[in-house]
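Enquirer: pasting the structure only:
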């Protein structure tokens, strides 16, 4: 508990939120990079299907996603069976791990779309040129694609992080509001509002607002600063 | 208008029990989400008998209260607790004279796996389950009462680490209904509703009324509905045996 | 000499490359010539393995590069590639671009002489610049150096001059010629400019509608009156000779017993040059006229008289050293001179230019 502007608020939900957001960002960059690369190079009609699937969390109410995940993750479901087969004995609902998994789905477009656009902007000619200089696929990716997509990575990381911090619906559905495990800031604010503790809600909301504003300014700053000219 | 008038005439002819002098009106009523089904059923009967039209707006009590406070166009407010409707009276928005407890929620312990019907306290004491679902005690009266009940029985510390909180009683119910929590405190109304996903599945134990403070759900007429005949008529109707029968059938008790 | 042989197929949307079987002896410069959309670039990309949808077969000597859908990846083909717009890596300096090629040389391959290549190509003073600060010509020089540093068995150039102004074009042509003779690397060169072909080509692959129409040497191609190399200036001859030192303010070019005099005095480092003569600039005389402003008089023999449109004829001549020359004259003049095959006469050349 700390006192901010004379109001006592618990910092635990804030740390938890930052932790979940950080994990989600790391995981999404790891998963999103190959996925975005694959999608950027796809030419077939199936690209449209994949793009739509990735964009789905943008248009679905988060509670829909949360509700489905709640059903899919239930302890008797296939997903849990599957994880048990690989030695994971935990339960995804009501756990930090589950929240991270949910956030990965929820924030997927925020990682994949900027990456995909960055990859698409890398001219094929440069990759061809690298190939004629005996660079294999991975070599080309790390020496040409990655450095030319820096901006895409920065934008993907900041947006994913910020979007996860602001997540509510999925956490609400999956979390169970367990302090230190699944009680994230957005839920905490909701509880304060529900229990008519408007002062705490104000302090936390203002912190969220300022944080989001800073992150967005950072993203737009990156966009302007890294106008890397290609060609 | 013509239609309403015709309806009123029709009611006047067919319903000799009711004063035909009152013209049918319509009202908008904010209702706590847990009471959705029940009030729809009562409302249907009410409209059939009186011709008054009711529009319901459902939502979490806290949210509805915030809306009322900020000028939402409601004629009456049915909370899931007493606190919010009483607060509207303090705020000068609710009519004190109209306030009454329209229903009392009943808590049930439900499980799909454990023999809660016959040995509820033993199951809670052994606490072999991984998660026990209940509504958030900070925000939902059902959660508060469930927590108080556990504490009074000395069971709280044993299950504390296994508690998962839904934001509302509906949410707590969802955790149980989807199988994510094998056991949970829910509202009796959620189990006895024939359309409930767990209707006649698993087993439940109704926590005796004596064990906890009644979960009184208060209703109040708001300033906006002060002169609305439909609202007044509906508040009266809720106290008739026919309405009470519906309310009881949906798992609520009345004072 | 290595041979590149095969038969390649590649479908891209509405366009299909269907080369037909070909065998290219790789020596000097092989030009892929054709209109835009004829499939030259597609063929070059297919040969380089840059398009993974390529099918068919391709052998570089006896090394299999393509068999059905199975392809040897580009990075294992030892190809140097110079793209139309240089394709330099924008996030690297000139030196880093060059070292990208050097660092990836297989251990078995001896690295090229970095300093020598860099100075020959003329970028020694630009190594530490960012590539975005180079002119079009400079970029293309870096691209050529980079391709040479890969120690390629074959150098592919896809319209390397098309994005340059005429001055840079002339300089680059000289550079390319220099490189071909200095390093003896076979070159596959795409262009649709006849002047570049006449200057560089040893042999030409003519392409149309995604197919190879014919493969022939420059001389074979220039001896056809319907050669695709002839544009609105009409028939063209390319003569090869040895440049001598300047005399009387003119540059003599030795061609067997004949000497051609050029007014172009640019420094020539080469032992052999090509000059380009338009058929309409060649007049004929039965005797060697002495009192005439035209200084280039070459003795020649009539090989053929080919009628053309608008009462004109194209006369095919053989010079003393065996080189061929076209002269375009009117039907009337041909009758007046009573031209016939085997006749000995003099070709008077009004204007000569070094091939561009």
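Expert: Thanks, I have it. In this text, all values refer to a predicted model and were calculated from it rather than measured experimentally. Numbering: from 1, shown residues only, chains lettered A, B, ... in the order given.

Enquirer: quick check, pLDDT for residue A:230.
Expert: For residue A:230, the model assigns a pLDDT of 36.

Enquirer: distance of residue C:316 relative to chain B?
Expert: From residue C:316 over to chain B the distance is 92 Å, taken as Cβ to the nearest Cβ, to the nearest Å. C-betas here are computed from N, CA, C, even on glycine.

Enquirer: kindly report the same for residue C:183.
Expert: Counting by Cβ to the nearest Cβ, the gap from residue C:183 to chain B is 72 Å.

Enquirer: which phi and psi values does that residue adopt?
Expert: Residue C:183 adopts backbone torsions of phi -100, psi -10, taken as degrees, to the nearest 10.

Enquirer: and the closest residue to it other than its chain neighbours, how many neighbours does it have?
Expert: Spatial nearest neighbour of residue C:183, chain neighbours left out: residue C:148 (6.8 Å); criterion: Cβ to Cβ, 6 or more residues apart in numbering or on different chains. Residues contacting residue C:148 under the criterion other Cβ atoms under 10 Å in any protein chain shown number 26.

Enquirer: I'd say residue C:148 and residue C:179 touch.
Expert: Yes: contact criterion Cβ atoms under 8 Å: residue C:148 and residue C:179 qualify, at 7.0 Å.

Enquirer: specify the local secondary structure of the residue nearest to residue C:183.
Expert: Three-state call for residue C:148 (DSSP: H, G, I helix; E, B strand; the rest coil): helix.

Enquirer: give me every residue in chain A lying close to chain B.
Expert: Counting by Cβ under 8 Å from any Cβ of the partner chain, the residues of chain A close to chain B are A:67, A:70-71, A:73-77, A:91, A:93-94, A:172-173, A:176-178, A:187, A:190-191, A:193-196.

Enquirer: please produce a ChimeraX select command covering the buried subset of those residues.
Expert: In ChimeraX syntax, the buried subset of the residues of chain A next to chain B is picked out as below (16 or more other Cβ atoms under 10 Å in any protein chain shown):
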select /A:67,70,71,73,74,75,77,91,93,94,172,173,176,177,178,187,190,191,193,194,195
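
Enquirer: anything in contact with each of residue C:148 and residue C:179?
Expert: Listed as contacting both residue C:148 and residue C:179 by Cβ atoms under 8 Å, 6 or more residues apart in numbering or on different chains are C:121, C:185.

Enquirer: how close does residue B:62 sit to chain C?
Expert: Residue B:62 is 54 Å from chain C, where distance means Cβ to the nearest Cβ.

Enquirer: show me the contacts for that residue.
Expert: Applying Cβ under 8 Å, 6+ apart, we find residue B:62 in contact with A:193, A:194, A:195, A:196, B:84, B:139.

Enquirer: just the pLDDT at it, thanks.
Expert: 82.

Enquirer: before we move on, back to that, what's the most distant pair in the contacts of residue B:62?
Expert: A:193 and B:84 (12.5 Å; Cβ to Cβ).

Enquirer: could I get the full set of helices for the chain?
Expert: Answering for chain A, as no chain was given. Under the criterion DSSP state H, chain A contains helices at A:12-41, A:46-59, A:62-72, A:78-85, A:96-120, A:124-132, A:137-140, A:146-148, A:150-165, A:169-175, A:185-194, A:198-225.

Enquirer: actually it's chain B I care about, not the one you picked
Expert: Going by DSSP H, chain B shows helices at B:2-14, B:36-50, B:61-69, B:83-90, B:120-126, B:141-152, B:156-159, B:169-177, B:188-192, B:229-237, B:241-249.

Enquirer: which one of those is the most hemmed in?
Expert: Per residue and on average, the most neighbours among those fall to helix B:169-177, with a mean of 26 (mean count of other Cβ atoms under 10 Å in any protein chain shown).

Enquirer: list the contacts for residue C:139?
Expert: Going by Cβ under 8 Å, 6+ apart, residue C:139 touches C:85, C:86, C:88, C:131.

Enquirer: got the buried residues for the helix or strand containing it?
Expert: Residue C:139 is part of helix C:136-149, with elements assigned from DSSP states H and E. Under the neighbour-count criterion of 16+ other Cβ under 10 Å, helix C:136-149 has C:137-149 buried.

Enquirer: also stretch A:129-145?
Expert: For stretch A:129-145, burial by neighbour count (16+ other Cβ under 10 Å) applies to A:129-135, A:139-141, A:143-145.

Enquirer: got the domain boundaries for chain B?
Expert: Domain assignment of chain B by automatic domain parsing yields the ranges B:2-104+B:215-249, B:107-206.

Enquirer: quick one: mean pLDDT for the shortest one?
Expert: Okay, so that is domain B:107-206. On average, the pLDDT along domain B:107-206 is 90.

Enquirer: distance between the ends of it?
Expert: 6 Å (Cα to Cα, to the nearest Å).

Enquirer: and chain A, is it touching that?
Expert: Yes: using Cβ under 8 Å from any Cβ, domain B:107-206 comes into contact with chain A via B:130-131, B:133, B:136, B:138-139, B:163-167, B:171, B:174-175, B:178-182.

Enquirer: ChimeraX command to pick out the buried ones of those?
Expert: Listed next is the ChimeraX selection for buried residues among the residues of domain B:107-206 next to chain A, using 16+ other Cβ under 10 Å:
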select /B:131,133,136,138,139,163,164,165,166,167,171,174,175,178,179,180,181,182
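
Enquirer: so which of the residues of domain B:107-206 next to chain A sit within strands?
Expert: Using DSSP state E, the subset of these located in strands is B:133, B:163, B:164, B:165, B:166.

Enquirer: tell me who's in contact with the last one.
Expert: The reference is to residue B:166. Contact partners of residue B:166, counting by Cβ under 8 Å, 6+ apart, are A:176, A:177, B:133, B:134, B:135, B:136, B:140, B:143, B:172, B:173, B:174, B:175.

Enquirer: also the first one?
Expert: Counting by Cβ under 8 Å, 6+ apart, residue B:133 touches A:176, B:163-166, B:172-173, B:175-176, B:180-181, B:183-186.

Enquirer: 7 Å instead, please
Expert: Going by Cβ atoms under 7 Å, 6 or more residues apart in numbering or on different chains, residue B:133 touches B:164, B:166, B:172, B:175, B:176, B:181, B:184.

Enquirer: need the residues you listed in a markdown table with distance to residue C:57, can you?
Expert: Shown next, in a markdown table, are the contacts of residue B:133 (distance: Cβ to Cβ, whole Å):
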| residue | distance to residue C:57 |
| --- | --- |
| B:164 | 65 |
| B:166 | 67 |
| B:172 | 69 |
| B:175 | 64 |
| B:176 | 67 |
| B:181 | 65 |
| B:184 | 69 |
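
Enquirer: between the residues you listed, which is nearest residue C:47?
Expert: Out of the contacts of residue B:133, the member with the shortest distance to residue C:47 (by Cβ to Cβ) is residue B:175, at 63.7 Å.

Enquirer: that closest one and residue C:289: what is the separation?
Expert: 111 Å (Cβ to Cβ, to the nearest Å).

Enquirer: by proximity to chain B, which residue of the stretch 151-300 of chain C wins?
Expert: Nearest to chain B, among the residues of the stretch 151-300 of chain C, is residue C:210, at 59.7 Å (Cβ to the nearest Cβ).
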